[in-house]
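*Asks:* predicted model and sequence below, questions to follow.
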Amino acid sequence: MKERKIKIKTENLEVYYGEKQALFDVNLEIHEKEVTALIGPSGCGKSTFIRCINRMNDVIDICKIKGSIEIDGKNINHKSIDVVRLREKVGMVFQKPNPFPKSIYDNIAYGPKIHGITKNKGELDNLIENSLRKAALWNEVKDRLHEPGTSLSGGQQQRLCIARAISVNPEIILMDEPCSALDPIATAKIEELIDELRETYTIIIVTHSMAQAVRVSQKTGFFHLGKLIEFGTTEKMFKNPSNNMTQDYITGRFG
Amino acid sequence: MTKDQRIKKRHRAEARFKLYGLVSIILALTFVGFLVFTIFSKGSDAFSKTTIKVNVSFNAEILSLPSNPSLEDIQDADYYDLALESINKLLLTSNPDDEKLLKKLFSPDFDLEIKNYLVKNPDLINQTQDINLTSSDDIDQLFKGNFPRDIPEDRRQVNDRQLEIFDELVAQDKIQKKFNNYFFTNGDSRDPELAGIGASLLGSFFSVVICLILSFPIAILASIYLEEFAPKNKITDFIEININNLAAVPSIVYGLLGLGILLGFMNFPRSTPLVAGITLALMTLPRIIIPCRASLKAVPPSIREGALAVGASKFQSVFHHVVPLSLPGTLSGTIIGLAQALGETAPLILIGMVAFVVDIPGSPIDPASSLPAQVYLWSESAERGFVEKTSATIMILLTFLIVMNFIAVYLRQKFEKKWN
C-alpha cells in the first residue's frame, strides 16, 4: 500500500488535567484518507488524544496542552487558528449518540446554517439528502425528515450524528467509540459506513473492540497509561506486534 | 433468625412505611381541606351585597338643576335631599325618629349612588325609577344571616325599631342580594360594604409586573453567564454561595433595604408599586437564578458537545441549544418566584404598602396597597363585614397563585423535550 500524505502530526504532545498528566510525549503521524484506530485499556488517553485534535478539551478549564498538533502543517493551537473553523474541518462523533432534540432535518441543517454553507433552501435540501445518503440513512428516514431525531433507534441516531458531522464538509472525522452503545447489527452498519467514508475523509476511531479495529482500520495505535506504546499498520500490529505490552493486550492477557 | 422470619420482617417494614406515608398524606390533605373550607365558608358572602330597592323620582327642582342641564350640572348637583326624600317614602308614616333610624340602614354613600345612576342615565330627569341602593354593613350581615337577633337590644348595632323596619322591607321584597361589584372596583374604605380590593389588586399587579420586568432578564442573563461562560474559580464560587445565601435572607430584610435605599436615599415615592416592584425584584432575583441555573445544568453536556463539534461557537451552542432546552425549567422557576413575590407581605409593610388607600392607582407611582397587605389590614378590623372580605381577598390571592402555578406546570410540560 502506498504511503499517503500526512494529514495530522503530533509532536511531544502532553496533556494535563490540573496536576494529573493524561498524555505523555505522543508523537504520531496520521495519513490522509485512512482509518486510524486507537486501542487501549480504559483511561489510557485515547479519548483525550482525539479530543485534542478538534480542541474539544478547550471546554475543560483545567486542561492544559503542551507540544504541537499540526493539521496540514499548521499548528492548530496557534493563536491565528479559529477554533470554530477548526471544528468545521474536524468533525466528531461521540460515544453516545447525541442528536439535538429537533427534527432529523434540523439536526443536519444546523451545521450548514451556522456556517452559511448553502445559499437557499434547495441547496440545503440537497446537502441534507447527500449527507444522509453518505451516512447510509437516507432510505430509512426520507419519508420522515420532520420527525424528531431522538425518535430513531440507537444505530440510526449514531448514523444521524455521522450525517451531521459530514454536513459541514469536514476533512477529518473523529469517532470516540461510536459503536459502544449499539447492538451488533447497528455496529456492522456503522463499520460498513466507515469503510465507505474512508474514500473521502480521514478518520480516527477510538475503539475497545480489537475485532473492530482489525475490520475497519488501516493503521492502529496502542495507548497505555497515557503513552503511545506502538503505532503501525493494523495488519502488522495484530499479527506481529513489536512490543510485548501490545502483544499482551491484543491477546487479552491484560486490560 | 431464619430466612422466612427475615423476609417477613422486611415485608412488615415496607408495609409500615407505606402506612406512615398514607397517614401523612391524609393528614396534609385534611389540613388543606380545612383551610379551604373555612376560607370559602367565610369569604363567599363577600361577593354579594345587600341592596334596598328605593323608588327615586329625579325631581329637577329638588336638585336645583337648570332646565336643560349639562352633564356637569348633573355631576355638581347636591343629591342629599333628594336621597333622603326618596328613602323616607319607604316609611308608611312620617316620623323624624324613624327617618333617622331608616337612614342608618343605608350605606353612607347612598346619595352618591343615586347621583352616579343619574350621571349614567341623564334622560331620567323628572322621571321616577327603582334603584337598588347598597345597605349598611349591619343590614348586610343581618340579611346574610350572620347577625344574632336574640342578644339584648343595648348590645346590638341594630335596634328593635330598625329590625321592624327591616322585616317590613323584607316582606315587601325590597331587600335583595346583588353581586358585589364594589368589592372589585372600590379602594379601601372604613365602611365594610364600600370597601374593595381594587387598589390592592392593581397595586399587586403593578408590583409584580415591575418585579418581572426587572428580575427576569437580569436573572436569566446572570444564570446563563454563571453557568455557561464564567470560569470556575474562587470568585464564582463566592458568588454562588452568596446567591444561595440571598435566597435564604428573610424577606423583611429586603423591605429594610427598600426603605433605606429607595425611600430614604433615593427619595422614591412612598407606598407605591414602583418601590414595591424594585424591592420584590431584589428579593426574587436569587430565587429565580437558582432554578434557572439548575435547569441549565440539567441540559446534558452531550448536547453542548454536539453543537461545538459541528463548529458552533460557545455563544451559539448556548443560545441555540442549551437555553431553549432549559426554557421549561427557567419559565416555571420564574413564575414560581413571581408567585412568591405576589404573596409577600413583610417587605411591603416596611415600604408603606400597608397604607389605607381609597383611590384606585392609575400608574405605578400612585400610592397603592397590595393583596396580602390588604388581608393584613382587614384582618385587624372588628366589623363582621371585614371578616368575610379578608377571607374573600385570600380567595382571590390564592386563585392567582394557583393559576400561576398551573401555568408553570403547563409550560414545563409543553416545552419539555426528551433527549435520548
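*Replies:* In hand now; what should we look at?

*Asks:* please count neighbours and contacts with C-alpha atoms only from this point.
*Replies:* OK.

*Asks:* which parts of stretch B:53-72 are buried?
*Replies:* Judged by neighbour count (16 or more other CA atoms under 10 Å in any protein chain shown), stretch B:53-72 contains these buried residues: B:53, B:54, B:55, B:56, B:57, B:58, B:60, B:63, B:65.

*Asks:* what does that stretch contact?
*Replies:* B:73-74, B:77-79, B:81-83, B:86-87, B:89-90, B:119, B:122, B:124-133, B:174-176 (CA atoms under 8 Å, 6 or more residues apart in numbering or on different chains).

*Asks:* of those residues, grab the buried ones for ChimeraX.
*Replies:* For the buried members of these, the matching ChimeraX selection, counting by 16+ other CA under 10 Å, is:
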select /B:74,78,79,82,83,86,87,90,119,125,132,133,175,176
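
*Asks:* number of nearby residues for whichever residue of chain B sits closest to chain A?
*Replies:* Minimum separation of chain B from chain A (CA to the nearest CA) falls at residue B:311, amounting to 4.7 Å. The burial count assigned to residue B:311 is 29, neighbours taken as other CA atoms under 10 Å in any protein chain shown.

*Asks:* show the contacting residues for it.
*Replies:* Under the criterion of CA under 8 Å, 6+ apart, the contact partners of residue B:311 comprise A:83, A:84, A:85, A:86, A:87, A:88, A:111, A:115.

*Asks:* the strands in the chain, which residues?
*Replies:* Reading this off chain A. A:6-17, A:20-31, A:35-39, A:63-71, A:74-75, A:90-93, A:172-176, A:202-206, A:219-224, A:227-233 (DSSP state E).

*Asks:* um, chain B though
*Replies:* B:48-57, B:128-134, B:175-179.

*Asks:* tell me which residues are up against the second one.
*Replies:* By CA under 8 Å, 6+ apart, the surrounding residues in contact with strand B:128-134 are B:49-58, B:106-107, B:110, B:113-114, B:193.

*Asks:* again, but for the shortest one
*Replies:* If you take CA under 8 Å, 6+ apart as the criterion, strand B:175-179 is touched by B:47, B:48, B:49, B:50, B:51, B:52, B:53, B:169.

*Asks:* center of the chain - which residue?
*Replies:* This is for chain A. Centroid check for chain A by CA atoms, centre = their mean gives residue A:174 as the closest residue, at 1.4 Å.

*Asks:* that's the wrong chain, I wanted chain B
*Replies:* residue B:371 (3.6 Å).

*Asks:* verify the stated contact: that residue with residue B:392.
*Replies:* No. With contact defined as CA atoms under 8 Å, residue B:371 does not count as touching residue B:392 (10.7 Å).

*Asks:* residue B:251 contacts residue B:349, correct?
*Replies:* No. With contact taken as CA under 8 Å, residue B:251 and residue B:349 are classed as non-touching, separated by 10.8 Å.

*Asks:* what number of residues lie near residue 107?
*Replies:* No chain was given, so I picked chain A. In terms of burial, residue A:107 registers 24 neighbours under the definition other CA under 10 Å.

*Asks:* I was thinking of chain B, sorry if that wasn't clear
*Replies:* The number of residues packed near residue B:107 is 22, by other CA under 10 Å.
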